[in-house]
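1. A structural model of the following input is requested.
(chains A, B and C)
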Amino acid sequence: MYRVLAERYPYAHCELDFSTPLELLVATILSAQSTDVRVNQVTPALFSRYRTAAEYAGADRSEVEELIRSTGFFRAKTDSLLKLGQALVERFDGEVPGRLDDLVTLPGVGRKTAHVVLGNAFGVPGITVDTHFGRLVRRFGWTEETDPVKVEHAVGALIPRRDWTMLSHVVIFHGRRTCHARKPACGACPIARWCPAYGTGETDPERARKLLTYELAPKADG
DNA sequence: ATCCCGAGGG
DNA sequence: CCCTCTGGAT
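-> Residues are numbered from 1 along each chain as shown, chains lettered A, B, ... in the order given. Got it, this is the predicted structure:
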């Protein structure tokens, strides 16, 4: 299934705009519960205004809030960015660390964000379990876990390590383009023949509800 | 488990 | 109106 998806989305990549590890880290923090398109609308002005960890550490709170407001959660994200700048200056000499254990100690940085930075700025293979990835691999029947760390380990055991970053990209692309949360376009899906969730009623409201709330059994019937 | 929070689709 | 969008901290 992975190979078919990889052939379907050979151009899959991180769609956040960035030119440095710090920019990617900031963009990824802003992407929480927001679309990459919206994040890319605010980051040019943000990156132009703040170029170093020290500049985030000393930034004016209300100014940052206005710059990132449209991405949602703007007070919490502003708080994260200022504290992130402080933490980078105080503990990492102003540089973005390239190790998972270090990244997850930073304010506003969880495992998902850390893997995005590692995979796309440092070339370290990692599985990014976001809302799309979790939903799709459960539909695929690759795992029934809902805890992101358990999903990461279960899927990691199925796919070679060198493919982990691209796997994350193609699964997320598939989630955005075809295997939507609410109304998956199974008719356009290249792996429908292997998918336990295929044909379980994208037109049936109750089935669709179960599909999106992850209550769907791996295989309905025979 | 709950909060943070805005914008767009259906 | 309700749901979703590349989550994280309490």
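
2. near DNA strand B, which residues of chain A show up?
-> A:33-35, A:38, A:69-76, A:182-183 (CB under 7 Å from any atom of the strand). In short, each C-beta sits where N, CA and C put it, glycine included.

3. List the ones among those residues that fall in strands.
-> The members of the residues of chain A next to DNA strand B all map outside strands under DSSP state E.

4. Scan the residues you listed and report the most crowded one.
-> A:Thr71 (22 neighbours; other CB atoms under 10 Å).

5. How about the contacts made by that one?
-> By CB atoms under 8 Å, 6 or more residues apart in numbering, the contact list for A:Thr71 reads A:Leu30, A:Ser31, A:Ser34, A:Arg38, A:Val39, A:Val42, A:Lys77.

6. tell me, how many neighbours does the nearest residue to A:Thr178 once chain neighbours are set aside end up with?
-> In this structure, A:Thr178 finds its nearest non-sequential neighbour in A:Ala185, 5.0 Å apart by CB to CB, 6 or more residues apart in numbering. Neighbourhood size, A:Ala185 [other CB under 10 Å]: 12.

7. ok, A:Ala185 touching A:Arg176?
-> No - counting by CB atoms under 8 Å, A:Ala185 sits too far from A:Arg176 to count as a contact (11.3 Å).

8. Taking the centroid of chain A, which residue is nearest it?
-> In chain A, the C-alpha closest to the average C-alpha coordinate belongs to A:Asp130, at a distance of 4.5 Å (CA atoms, centre = their mean).

9. In contact with A:Gly199, which residues are there?
-> Residues near A:Gly199 by CB under 8 Å, 6+ apart: A:Cys186, A:Ala192.

10. coming back round to it: buried subset of the contacts of A:Thr71, written for PyMOL?
-> Selection of the buried residues among these in PyMOL, burial being defined by 16 or more other CB atoms under 10 Å:
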select buried, chain A and resi 30+31+34+39+42+77
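
11. Near DNA strand C, list only the ones from the contacts of A:Thr71.
-> Answer for the contacts of A:Thr71 near DNA strand C (CB under 7 Å from any atom of the strand): A:Ser31, A:Ser34.

12. what ranges of chain A fall below the confidence cut-off?
-> For chain A, applying pLDDT under 70 flags the ranges A:200-222.

13. let's go with 50 and repeat that
-> Within chain A, the stretches with pLDDT under 50 are A:201-222.

14. which residues of it fall in helices?
-> A:2-8, A:21-30, A:36-49, A:53-57, A:61-68, A:74-92, A:100-103, A:111-121, A:131-140, A:148-156, A:164-177, A:205-212 (DSSP state H).

15. Need the winner for burial among those helices.
-> Neighbour counts (mean count of other CB atoms under 10 Å) averaged over each of those peak at helix A:21-30, with a mean of 24.
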